[in-house]
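Sequence plus predicted model, see below.
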Amino acid sequence: MKQLTMVQAICDGLRVALDQDPSVLILGEDVGKNGGVFRATEGLWNEFGDDRVIDTPLAEAGIIGTSIGLAVNGFKPVAEIQFMGFIYPAFEQIVTHAARLRTRTQGAFPASLVIRAPYGGGIRAPELHCDSTESLFVHIPGLKVVTPATPKDAKGLLLAAIQDPDPVIYLEPMKLYRSIKEEVPEGWYEVPIGKARKVREGEDITLIAWGTMVPVAEGAAKELEKKGVSCDLIDLRSLYPLDEETIIQSVKKTGRVVIVHEAPKTAGLGAELTALINEHAFLYLEAPVTRVTGYDAPVPMFALEDDFRPSVSRVSEAVQQVLAF
Amino acid sequence: MLGQLETTYVQYLSPEGKLSVAGHAVWNQLSAEMKISFYRWMSFVRMFDRRSVILQRQGRIGTYAALEGQEAAQVGSALALSKEDWIFPSYREHGVAMIAGMPLSQIFLYWMGRVEGCKPPEGVRLLPPSVPIATQIPHAVGAAWASKLKKETSVAVAYFGDGATSEGDFHEACNFAGVFRVPAILFCQNNGYAISVPFSRQSASPTVAEKAKAYNFPGIRVDGNDVLAVYDVMKQAIERARAGEGPTLIEAVTYRKGPHTTADDATRYRPASEVEEWVKHKDPLTRYTRLLKAEGLLSDAEEREWEAECKAQIDSAIKEAESSVPAPPEHLFAHVYAKLTPNELRQQQQLRKRGGRR
C-alpha cells in the first residue's frame, strides 16, 4: 500500500477505473494535458489518450449535457466540474435530465454518470470557488451525493460511484486534498454508498459531520475528551442516501446531537438530519438537536472565511451548551 | 417576420405542387413505395393531431402540443433515419416518434399524463419528449459522440424549435458538435414563433442555418413544408455524418397552424392574414397530395380509403390507451433508482399501505 493524499487517491481511483472499465471516460475543463487544476487527473491523458481523458470546451451545461448523451449511448462519463461554485450552468441538466431519465424512461435510458466537483472553503480561494451547496443536490430525487473525508474513502467512494448505475455527485473537499496522507489500498475496492464511517466511539454526545467538517468535528472531539466528554463522531460520507441506521443508533445511545456543516444553516442538510432524528429517536433525546454551520449569508471572500466556517471552538462550545441543557 | 422567413431555402416542390428541376432529379430516384409513404405518414400524423386536439377538448387527454402544419418537416426528416439512429425530440415531435416506432397508444398515454408513454419498445432509440427547451440538444451531441468513439455508424438527431436557438444549451451543443466533429444532426423546425414571440425577437441573424458558420459546420435552410426537400437535405446530412464528416444544422422553415398548445390562443399574437397565407397556400400535405395526384399515384378513392384506415388505427390506439390499467400510486417510485434506497422503500411502503389521493 502507498501513502497517498486525497487528491492522489482520487487520481489513483480514476486510473484504476480507466484501466479496468473501457466504458469509463473522463471529461472536463483542463483534465487532459494539464492534469486538472488540482492535479486530480495527473498523468491520465498521457496514459489513456485523448479519446478517454478529454479536455472539453469551457461549458458546464455542455459537459454534463453531452455526458448524459454519452451515458445513454453506452459510456460511463466521469465529468469534472472544476469548482462546485461553477456547477450552476449544469444544474438544469442535472435536475431535469440526469436525475430523472431513469424514471422517465422507466429504466430504458438511465443517465449513469459521475459528476466530480471540488467544494468547500478554507484554502483562501477566489470568490465563488468555495461553495458548499450539497443540499441542493441531496434534495433532488434520482441523485446520489457522496463526499469523502480521507484518502482511503476518497478512492473507494469514487470507485463505488463509478460502479453505481445511478447518477452520483461526488464532492471533493478541497481543504482536505493535501492535508492528510494515509495508506490507500491498490487496485479496485469500493466504499459502499449509503454507509457512514464511525470516526470515534463515544457515549455522551453524537457529532455528525462530512467532508471538510470531519477534521473540525474531530478536533473538537479531541479537545472535549480532555474535559472528560466522550463524543460519538459520524462521518456521513454518503449524503444521499443517508446511513439512517448508524445515525439513529448513535442518537439512541447518546441522546444528544450536534450537526456540523459548512453550508449555510437554513435548509442545509442539518435540517434534514434533525427531522430524521425527530422521526426516529425523539423520545431518546435529552436536549434539542443543535447545528453548527456556515451563516445564512453568501460565502464571504476569503478575508472572512474563517469567521464563516465552523471552527473547533464553535463546535466545542455547542457541545458544552447541549450537555448543559 | 414573414419577410425574414422568405430568405432563400432549398425547395423542390412548390406550394402549387410543381417540382423544380432539382426536384425532378430527387423525385426520379425515389421508389414508388417511398413516394406514397410520405403521403401516408403526413396524412396519418395530421389525423392523429386533429384527433388529439378533440380528445383534449373532451377532457380525455391533458394539454396537447399540436403540430399541424409541420408534418413535412417531421415526416421527411424521420423517414431519412435508420433504426440504429438516436432521436432526441422536443415535445411536438409526435410524427417523428411514430415513424421511429413508438406505438400510437403510448403516444396517447404520454398525453394522458402516463409515464408508460415515455418508454419506447426495445430497440427503438427514441428518448421521451424533452420539455425544458434546448436541453436535449447536448444529449444528441453526446450520443453522437459515443457513436464516433465506438466507431459505429449510427447518428443522433436533436429536434428543437426556433426558440431553442436562444438557449445556451443550443450554442454549447453546437460548439461541442463542431469541436469534436460528431455525427449529429441538429434539426430545427423554425415555425416562426416561440409561443407568442416571433423569430425576429429570438435572433438578430435572419436565419437559424447561418448560425452553424460560427461552429464551422454546414447549416442548411430548407422549405420545411416540402417533404421531398426535407427528406433529401436530411439524407445528405446523415450521409455526411456516417462518413465521418461531422454535424449539420438544418433549419426547416415551417409554420404551426394552430396555437402553441391547447392552452394557448394564437390569435393574440398572430395576424389572421399570416395564418391564412400558410394554411391556404403553403400547406405541406396539400401540395404533396397535388403532386401525387398529378403523377397519377393517388386517387380520391385511395385517399378516402387511407383516411379510413388511419381513423381505424387511431380509434384502436385510443381504445388501447384508455383501457390500459392505471398504475397504482406506489408506481411513482418505479425506477427512481436502479435499486431503491431504504428511504424510498419506506415511503413507497407507506403509500402502498395508505393508498394515494383522498
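It's in.

what residues are up against B:L291?
The contact partners of B:L291, taken as Cβ atoms under 8 Å, 6 or more residues apart in numbering or on different chains, are B:L13, B:G17, B:K18, B:L19. Placement of C-beta: from N, CA and C, glycine included.

Now A:P126: phi and psi?
A:P126 adopts backbone torsions of phi -60, psi 170, taken as degrees, to the nearest 10.

elements contacting the longest helix along chain A?
Of all the elements of type helix in chain A, the one with the most residues (DSSP state H) is helix A:6-20. Here helix A:6-20 is seen to pack against strand A:24-28, helix A:44-48, helix A:151-163, strand A:168-173, strand A:182-184 when contacts are counted using 3 or more Cβ pairs under 8 Å, 6 or more residues apart in numbering or on different chains; DSSP states H and E.

so what's B:A177 up against?
By Cβ under 8 Å, 6+ apart, the residues touching B:A177 are B:V141, B:A144, B:A184, B:L186, B:Y215, B:F217, B:G246, B:P247.

How about the secondary structure of A:L233?
What DSSP: H, G, I helix; E, B strand; the rest coil gives for A:L233 is strand.

My guess is it contacts A:K198. True?
Yes: in terms of Cβ atoms under 8 Å, A:L233 counts as a neighbour of A:K198; the distance is 7.3 Å.

Those two - which one has more neighbours?
Of the pair A:L233 and A:K198, A:L233 is the one with more neighbours under other Cβ atoms under 10 Å in any protein chain shown, namely 23 against 14.

Nearest to B:V325 among the contacts of B:L291?
For the contacts of B:L291, the closest approach to B:V325 (Cβ to Cβ) belongs to B:L13, at 45.4 Å.

Report how many residues lie close to the closest one.
Other residues within reach of B:L13, judged by other Cβ under 10 Å, total 24.

Check the one 4 residues further on too.
When neighbours are defined as other Cβ under 10 Å, B:G17 has 16 of them.

Kindly report the same for B:K319.
12.

How far does the host helix or strand of it sit from its chain's centre?
When elements are assigned from DSSP states H and E, B:K319 belongs to helix B:300-322. Once both centres are worked out by Cα atoms, centre = their mean, to the nearest Å, helix B:300-322 turns out to sit 21 Å from its chain's centre.

do stretch B:150-169 as well
Put simply, stretch B:150-169 sits 12 Å off its chain's centre (Cα atoms, centre = their mean).

Flag every buried residue along that stretch.
By neighbour count on 16 or more other Cβ atoms under 10 Å in any protein chain shown, the buried set for stretch B:150-169 is B:153-169.

Also near chain A: which of those residues, exactly?
Near chain A, judged by Cβ under 8 Å from any Cβ of the partner chain, the entries from the buried residues of stretch B:150-169 are B:A156, B:G168, B:D169.

what about the residue in chain A positioned nearest to chain B, is that helix, strand or coil?
The shortest separation between chain A and chain B is 2.2 Å, found at A:G69 (distances taken as Cβ to the nearest Cβ). Local secondary structure at A:G69 is given as helix here, using three-state DSSP.

Return the residues of the stretch 101-250 of chain A in contact with chain B.
Close to chain B, as judged by Cβ under 8 Å from any Cβ, the stretch 101-250 of chain A has residues A:102-110, A:141-142, A:144, A:164-166, A:194, A:240-242, A:244.

What's the first helix or strand after the longest helix along chain B?
Once chain B is assigned using DSSP H, the helix that runs over the most residues is helix B:32-57. As assigned by DSSP H and E, the chain's next helix or strand after helix B:32-57 is helix B:71-78.

can you list contacts of the helix or strand just after that next one?
With elements assigned by DSSP H and E, the helix or strand that comes after helix B:71-78 is strand B:86-88. Identification of contacts with strand B:86-88 by Cβ under 8 Å, 6+ apart yields A:69, A:72-73, B:78, B:81, B:93, B:96-97, B:100, B:125-127, B:130, B:136-137, B:139-140, B:143-144, B:147, B:154-159.

next one: stretch A:92-112
A:61, A:64-65, A:67-68, A:71-72, A:76, A:87, A:113, A:115, A:137, A:140-143, A:164-167, A:169, B:115-116, B:118-120, B:127-128, B:130-132, B:135, B:138-139, B:169, B:334-338.

got it, and stretch A:14-31?
Around stretch A:14-31, the neighbours that count as contacts under Cβ under 8 Å, 6+ apart are A:36-37, A:40-41, A:43-45, A:47-48, A:52-56, A:58, A:63, A:66-67, A:70, A:74-82, A:116, A:155, A:158-159, A:162, A:187-188, B:149.

List buried residues within these.
Applying the neighbour count, that is 16+ other Cβ under 10 Å, the buried entries in the contacts of stretch A:14-31 are A:36, A:40-41, A:44-45, A:48, A:52-56, A:63, A:66-67, A:70, A:75-82, A:116, A:155, A:158-159, A:162, A:188, B:149.

how about CSV for the helices and strands packed on helix A:6-20, with distance to B:F48 added?
Formatted as CSV, the entries for those read as follows, by distance: least, Cβ to Cβ, whole Å:
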stretch, distance to B:F48
strand A:24-28, 40
helix A:44-48, 48
helix A:151-163, 43
strand A:168-173, 40
strand A:182-184, 59
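
looking at these, which is closest to A:G13?
Ranking the helices and strands packed on helix A:6-20 by their distance to A:G13 (criterion: Cβ to Cβ) puts helix A:151-163 first, at 4.0 Å.

State the mean pLDDT of the closest one.
Averaged across helix A:151-163, the pLDDT comes to 98.

could you check the angle strand A:24-28 makes with it?
An angle of 110 degrees separates the directions of helix A:151-163 and strand A:24-28 when computed by axes from the mean of the first three to the mean of the last three Cα atoms, to 10 degrees.

A:P264 against A:D296, yeah?
Yes: using Cβ under 8 Å, A:P264 makes contact with A:D296 at a distance of 4.8 Å.

Between these two, which has more neighbouring residues?
Comparing A:P264 with A:D296 by other Cβ under 10 Å, the one with more neighbours is A:P264, at 20 against 10.

List the beta-bridge partners for that one.
The partner list for A:P264 in beta bridges (DSSP bridges) reads A:G294.

which residues sit in contact with it?
When the contact criterion is Cβ under 8 Å, 6+ apart, the partners of A:P264 are A:T293, A:G294, A:Y295, A:D296, A:A297.

Give me the neighbour count for the closest residue to the third one other than its chain neighbours.
Closest residue in space to A:Y295, ignoring its immediate chain neighbours: A:F308 at 5.9 Å, by Cβ to Cβ, 6 or more residues apart in numbering or on different chains. By other Cβ under 10 Å, 21 other residues sit near A:F308.

same question, the one 5 residues further on
The number of residues packed near A:S313 is 12, by other Cβ under 10 Å.

just A:T96 next, same as before
Neighbours of A:T96 (other Cβ under 10 Å): 16.

same thing with B:E274?
For B:E274, the tally of surrounding residues (other Cβ under 10 Å) stands at 13.

could you measure it against B:Y193, distance?
Taking Cβ to Cβ, to the nearest Å as the measure, B:E274 falls 10 Å from B:Y193.

same thing with B:G117?
From B:G117 over to B:Y193 the distance is 26 Å, taken as Cβ to Cβ.

Check B:R357 and give its pLDDT.
pLDDT, the model's per-residue confidence, is 88 for B:R357.

I'd guess it is in a helix, am I close?
No: using three-state DSSP, the secondary structure at B:R357 is coil, not a helix.

Could you tell me the model confidence score at the nearest residue to it once chain neighbours are set aside?
Distances taken as Cβ to Cβ, 6+ apart put B:P329 closest to B:R357, at 7.6 Å, once the chain neighbours are dropped. B:P329 is assigned a pLDDT of 96 by the prediction.
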